[in-house]
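Student: compute the structure for the input listed below.
(chains A and B)
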Protein chains: 2
Amino acid sequence: MVKILKIGGSILTDKTRAEFPRTGEIERIAMEIASCPDDLILIHGAGSFGHIQARQYGLKERFNPKGILETHRSVVRLNDLVVEHLDDAGLHPIPVHPLGNTLLKGGRIDVMETKPILAMLKRGLLPVLHGDVAMDTSNGVEIVSGDQLVTHLAESLNPEVVALGTAADGVIFDGQVLKTVTKDTLPRIESQLGGSRGIDVTGGMKGKLLELLRLADKGIASTVFNAGKAGLIEKVLRCETVGTRVEGTAEASR
Amino acid sequence: MVKILKIGGSILTDKTRAEFPRTGEIERIAMEIASCPDDLILIHGAGSFGHIQARQYGLKERFNPKGILETHRSVVRLNDLVVEHLDDAGLHPIPVHPLGNTLLKGGRIDVMETKPILAMLKRGLLPVLHGDVAMDTSNGVEIVSGDQLVTHLAESLNPEVVALGTAADGVIFDGQVLKTVTKDTLPRIESQLGGSRGIDVTGGMKGKLLELLRLADKGIASTVFNAGKAGLIEKVLRCETVGTRVEGTAEASR
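Tutor: Numbering: from 1, shown residues only, chains lettered A, B, ... in the order given. Below is the predicted model:
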């Protein structure tokens, strides 16, 4: 069964500085994945790559061909780095860019071609996707976040593991990591769900939870954990309990 | 209506030297396209990019994850260059890599996601595809040539123009450029259809004609012309007669 792992842009980059990769972290993460790489789709956020171009060209406000190209080029530069480190760690990464295989409608994924990705998994390759710009039938172009890619792929592929590695230990409320979050928990905790540190055009922890609760509604639970702490990626890929589990209402408990 | 233009790798690169782009030619071609850029999908060959890696890793003989990655990376380097020059010429290029949106079966395209490409055209963008490696359900991985991308897209999109820019003036027989070629012409001329100059793993002029005759069978005529001669790209995009027309049998004449 497929595993879907997302690593947030705040882990892979310094989000307060333009296009600043944390190379040591990327290397560590590649090594952790190498300990348990089977049937894995990796998705990474863009961090400080892409976000700056998206702002500069005002992609949220207006359709700008040059802005689309420059934003895409920037996130691909981070993807290149990630792929390079995965390759160095002895893995078999293959870059897959959403811009070429995904169509949005009103900011949500309407079409995404997953057959080549499944064929890669079947042959032991490691598809590596990322937050990107993508064409949108309603809005011309939109940013498709790594989180939205996670939920879309999870819905189509019925995965064994859906894990979102962030810079936090999980979903935090009153200084404590919640063991589980459900749709019912959200109104109570929402005031304490800040954005992520530094620049972020894709919604921070609240945006992330909304994606994952949508997924939980469809019966697919997921995990939010700290990918900045060594060893946790390995644990999550081995189906061990880490961080916060996001579940459907029926199975909920705190 | 859509126009599909392919520029051969032998025009964009020196095929006898490893990863050697003809920058001046790429620049000229970008300028010619800029004179008539509407509703255009551009596909380019790989030339000396990718072919060397494909040979080195023996991709035709065995499934090799590192070879897939390195071959893809190489063809993307040429694609980056082409996109950059199109951008400099004031066009709105968007790179689209077949590896991420195409699945082959026995070396032929079985699935290709064209909706994002159509959305790009609709918004005045210029999708730029290229010969690439792609997953194959029968063979693991195969090379998908620019020529095959042309015919597949032409079949799906019913284009106004299908034009293949090569290093020859068209299809040549007894030293003359044939005005038209049909399925019936092929047996007579086949002995004189050599491969293209330098390295080529995708079949030279004969492979090209087989692709285009397959297309002609479905009622879609195409043009083979010399993209190395200044001014012809512009002509072909304006639907003027250049080079050799490849047609279905019913409408054939020499």
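
Student: chain B contacts on chain A?
Tutor: Selection of chain A residues close to chain B by Cβ under 8 Å from any Cβ of the partner chain yields A:63, A:65-66, A:68-69, A:72, A:83, A:87, A:92-97, A:99-103, A:111, A:113, A:115-116, A:119-120, A:123-125, A:134-137, A:140-141. Where C-beta positions appear, they are placed from N, C-alpha and C, glycine not excepted.

Student: report the buried residues of the longest helix along chain A.
Tutor: For chain A, the longest helix by residue count, based on DSSP state H, is helix A:65-88. Within helix A:65-88, the residues scored as buried using 16 or more other Cβ atoms under 10 Å in any protein chain shown are A:65, A:67-76, A:78-79, A:81-87.

Student: likewise stretch A:211-219?
Tutor: Result for stretch A:211-219 [16+ other Cβ under 10 Å]: buried residues A:Glu211, A:Leu212, A:Leu213, A:Arg214, A:Leu215, A:Ala216.

Student: need these in JSON lines (columns: secondary structure and pLDDT).
Tutor: Conversion of the buried residues of stretch A:211-219 to JSON lines gives the following (DSSP: H, G, I helix; E, B strand; the rest coil; pLDDT from 0 to 100):
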{"residue": "A:Glu211", "secondary structure": "helix", "pLDDT": "88"}
{"residue": "A:Leu212", "secondary structure": "helix", "pLDDT": "95"}
{"residue": "A:Leu213", "secondary structure": "helix", "pLDDT": "94"}
{"residue": "A:Arg214", "secondary structure": "helix", "pLDDT": "91"}
{"residue": "A:Leu215", "secondary structure": "helix", "pLDDT": "95"}
{"residue": "A:Ala216", "secondary structure": "helix", "pLDDT": "96"}
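
Student: inside helices: which ones of the residues of chain A next to chain B?
Tutor: A:65-66, A:68-69, A:72, A:83, A:87, A:99-101, A:115-116, A:119-120.

Student: nearest to B:Arg28 among those?
Tutor: Comparing those against B:Arg28 with Cβ to Cβ places A:Leu69 closest, at 21.1 Å.

Student: doesn't B:Val83 make contact with the closest one?
Tutor: Yes: contact criterion Cβ atoms under 8 Å: A:Leu69 and B:Val83 qualify, at 7.3 Å.

Student: what residues are shared contacts of those two?
Tutor: Common neighbours of A:Leu69 and B:Val83 (criterion: Cβ atoms under 8 Å, 6 or more residues apart in numbering or on different chains): B:Pro93, B:Ile94.

Student: tell me the contacts of the residue nearest to A:Leu213 when sequence neighbours are not counted?
Tutor: Leaving aside its sequence neighbours, A:Leu213 sits nearest to A:Lys183 (Cβ to Cβ, 6 or more residues apart in numbering or on different chains; 5.2 Å). Going by Cβ under 8 Å, 6+ apart, A:Lys183 touches A:Leu213, A:Ala216, A:Asp217, A:Gly248, A:Thr249.

Student: go on, A:Lys66?
Tutor: Contacts of A:Lys66 by Cβ under 8 Å, 6+ apart are A:Tyr57, B:Asp87, B:His92.

Student: wait, which of these is closest to A:Lys235?
Tutor: A:Tyr57 (39.8 Å).

Student: identify the residue spatially nearest to that closest one, adjacent ones excluded.
Tutor: Using Cβ to Cβ, 6+ apart, the nearest residue to A:Tyr57 is A:Gly67, at 2.5 Å.

Student: so where is the stretch 101-250 of chain A shaky, pLDDT-wise?
Tutor: Within the stretch 101-250 of chain A, the segments meeting pLDDT under 70 span A:194-203, A:250.

Student: show me where it has helices.
Tutor: Along the stretch 101-250 of chain A, counting by DSSP state H, counting those that start in this stretch, helices occupy A:115-122, A:146-157, A:186-189, A:204-217, A:232-237.

Student: got the CA coordinates for the first one in CSV?
Tutor: By that I understand helix A:115-122. Taking Å, rounded to 0.1, in the frame of the first residue of the first chain, the C-alpha atoms of helix A:115-122 are listed here in CSV:
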residue,chain,number,x,y,z
LYS,A,115,-1.2,7.0,-13.7
PRO,A,116,2.4,7.8,-14.4
ILE,A,117,3.0,8.3,-10.6
LEU,A,118,1.5,4.8,-9.9
ALA,A,119,3.6,3.3,-12.6
MET,A,120,6.7,4.9,-10.9
LEU,A,121,5.7,3.3,-7.6
LYS,A,122,5.2,-0.1,-9.2
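
Student: surely the residue nearest to A:Tyr57 touches A:Gly58?
Tutor: Yes: counting by Cβ under 8 Å, A:Gly67 touches A:Gly58, with 7.2 Å between them.

Student: stretch A:6-25: how far from the chain's middle?
Tutor: How far stretch A:6-25 lies from its chain's middle: 13 Å, per Cα atoms, centre = their mean, to the nearest Å.

Student: quick check: end-to-end length of it?
Tutor: In stretch A:6-25, first residue to last residue: 14 Å (Cα to Cα, to the nearest Å).

Student: give me the contacts around it.
Tutor: Contacts of stretch A:6-25 (Cβ under 8 Å, 6+ apart): A:26, A:29, A:42-49, A:51-52, A:74, A:77-78, A:81-82, A:85, A:131, A:146-147, A:149-150, A:163-167, A:196-200, A:227-228, A:233.

Student: mind doing that once more with 7 Å?
Tutor: Identification of contacts with stretch A:6-25 by Cβ atoms under 7 Å, 6 or more residues apart in numbering or on different chains yields A:26, A:29, A:43-49, A:52, A:74, A:77-78, A:81-82, A:131, A:146-147, A:150, A:164-167, A:196-200, A:227-228.

Student: just the ones in strands from those, please.
Tutor: Per DSSP state E, strands hold the following members of the contacts of stretch A:6-25: A:Ile43, A:His44, A:Leu164, A:Gly165, A:Thr166.

Student: okay, these in TSV with distance to A:Thr241 next?
Tutor: Formatted as TSV, the ones in strands among the contacts of stretch A:6-25 follow (distance: Cβ to Cβ, whole Å):
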residue	distance to A:Thr241
A:Ile43	22
A:His44	23
A:Leu164	15
A:Gly165	15
A:Thr166	16
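
Student: could you dump these into a markdown table and include neighbour count?
Tutor: As requested, the ones in strands among the contacts of stretch A:6-25 are exported to a markdown table (neighbours: other Cβ atoms under 10 Å in any protein chain shown):
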| residue | neighbour count |
| --- | --- |
| A:Ile43 | 24 |
| A:His44 | 29 |
| A:Leu164 | 30 |
| A:Gly165 | 27 |
| A:Thr166 | 26 |
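
Student: between those residues, which is closest to A:Ser191?
Tutor: A:Thr166 (18.9 Å).

Student: was I right to think the closest one contacts A:Thr223?
Tutor: No: A:Thr166 is beyond contact range of A:Thr223, at 10.5 Å (criterion: Cβ atoms under 7 Å).

Student: now for the spatially most central residue of chain A: which residues touch it?
Tutor: Central residue of chain A (Cα atoms, centre = their mean): A:Gly146, 3.4 Å from the mean position. Neighbour list for A:Gly146: A:Lys6, A:Ile43, A:His44, A:Gly45, A:His130, A:Gly131 [criterion: Cβ under 7 Å, 6+ apart].

Student: noted, bye for now.
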